[in-house]
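Asker: What shape does this take:
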Amino acid sequence: MNSYDQRTPLSKSLMTGLFGGLVSTIVSLFYNIIFRFSTGFPLSDIINVSSIIFVINLIFLIIGLFYFFVNKMSPSGNTIYLVSMIVLIIIVFWLTAGSHRSDNPRYTHDFKGLLSGILIVMSINALLIPLLINKKWFEEFFL
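Answerer: Numbering: from 1, shown residues only. Have a look, this model is predicted:
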């Protein structure tokens with residue numbers, strides 16, 4: 001093993017964020033397929049395969065950068081990160097509850113269910129970033 005470790009805190013934060021994005025993308029794609037087949041939700045202008053793939057990974061890239069900067073600026077960075085993520089999650093779910101997608105009430109309800117499921121998957125993965133980033137097994141196998 002080399003004594004020179006090329007994993008910087010920035011690269012670890014970004015790669016852990018992107019790993020969370022990859023996991024969220026895969027789970028969200030399966031959820032999208034299952035949800036659409038079970039409910040018959042036809043509207044795909046906003047939530048579709050392309051938007052799931054690109055938007056989730058972009059969001060998790062930003063989350064990884066946010067984690068890095070919070071930890072760099074404060075010694076209690078993990079706590080600040082977790083509290084700010086929980087507040088952000090609550091705000092996003094509150095905004096989702098007030099969303100109105102269509103004049104058809106069934107489609108609006110189904111849209112909220114689809115979006116809420118994807119947000120739950122993303123929330124879990126965003127909250128796991130501080131736990132994963134410092135684990136030796138995660139660093140050896142995934143980073």
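
Asker: Tell me the pLDDT of the residue nearest the centre of the chain.
Answerer: In the chain, the centroid-proximal residue (Cα atoms, centre = their mean) is Met122; its distance is 3.1 Å. Looking at Met122, its pLDDT reads 97.

Asker: Isn't it up against Ser28?
Answerer: Yes. Shown here, Met122 and Ser28 form a contact pair, counting by Cβ atoms under 8 Å, at 7.4 Å. (Each C-beta comes from the backbone N, C-alpha and C, glycine too.)

Asker: so what sits against both of these two?
Answerer: Shared contacts of Met122 and Ser28 (Cβ atoms under 8 Å, 6 or more residues apart in numbering): Ile56.

Asker: Return the set of buried residues in the helix or strand that contains Ser13.
Answerer: Taking DSSP states H and E as the definition, one finds Ser13 inside helix 9-39. Residues of helix 9-39 classed as buried by neighbour count (16 or more other Cβ atoms under 10 Å): 12-25, 27-28, 31-32, 35-36.

Asker: how far out from the middle of the chain is that helix?
Answerer: How far helix 9-39 lies from its chain's middle: 6 Å, per Cα atoms, centre = their mean, to the nearest Å.

Asker: No more questions from me, cheers.
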